[in-house]
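J.: here is my input, please return the structure:
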Amino acid sequence: MTPDVTMEGAGHARYSFRVRLSATARRALEAEWDRCRWLWNECVAKSKQVHQQSKESGEKLTCGPAQLDRMLTEARRVTPWLAAGASVPQQQVIRDFAR
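T.: As a prediction, the model looks like this:
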């Protein structure tokens with residue numbers, strides 16, 4: 001591990017970036033965001049459904065990442081629109097939702 005060394009007279013560099021997407025790349029990115037947003041909404045709906053069932057039955061039911069992962073697998077199998085997207089961001093949505 002390198003020690004933190006501060007040098008006198010050293011300046012700070014500032015970088016500024018602008019991402020310019022082609023129309024095709026923009027559509028692909030927006031489609032991926034749409035899939036992730038849809039998946040988040042499905043996680044919310046599933047969580048509310050399990051909470052309601054738990055309330056009605058008196059049992060302690062949970063809706064964790066494992067159940068949501070199975071839901072994602074089934075949804076990708078039957079929904080070509082969802083399966084057309086990358087699975088990694090979709091799995092990350094589930095992990096983020098679980099937190």
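
J.: what's the closest non-adjacent residue to Trp81?
T.: Leaving aside its sequence neighbours, Trp81 sits nearest to Arg35 (CB to CB, 6 or more residues apart in numbering; 7.4 Å). Using the backbone N, CA and C atoms, a C-beta is placed for each residue, glycine as well.

J.: Gly85 is in contact with the one you found, correct?
T.: Yes - the criterion here is CB atoms under 8 Å, and Arg35 meets it with Gly85 at 4.2 Å.

J.: name the element Trp38 belongs to?
T.: Element membership for Trp38 (DSSP states H and E) is helix 23-57.

J.: what's next to the helix or strand just after that helix, contact-wise?
T.: Note on helix 23-57: by DSSP H and E, the next helix or strand toward the C-terminus is helix 65-78. For helix 65-78, contacts defined as CB atoms under 8 Å, 6 or more residues apart in numbering pick out 39, 42-43, 46, 50, 82-83, 87, 90-91, 94-95, 97-98.

J.: what lies in contact with stretch 12-27?
T.: So stretch 12-27 is in contact with Leu29, going by CB under 8 Å, 6+ apart.

J.: likewise for stretch 86-95?
T.: Contacts to stretch 86-95, defined as CB under 8 Å, 6+ apart, come from residues 32, 35-36, 39-40, 43, 65, 68-69, 72, 76, 82.

J.: can you do 6 Å?
T.: 36, 39-40, 65, 68, 72 (CB atoms under 6 Å, 6 or more residues apart in numbering).

J.: could you report the separation of Glu42 from Ala23?
T.: Distance, Glu42 to Ala23, by CB to CB, to the nearest Å: 29 Å.

J.: what about the two, which has more around it?
T.: Glu42 (18 against 7; other CB atoms under 10 Å).

J.: next, the buried residues of the helix holding Trp38.
T.: For helix 23-57, burial by neighbour count (16 or more other CB atoms under 10 Å) applies to 35-36, 38-39, 42-43, 47.

J.: how far out from the middle of the chain is that helix?
T.: Computed by CA atoms, centre = their mean, to the nearest Å, the chain-centroid distance of helix 23-57 equals 9 Å.
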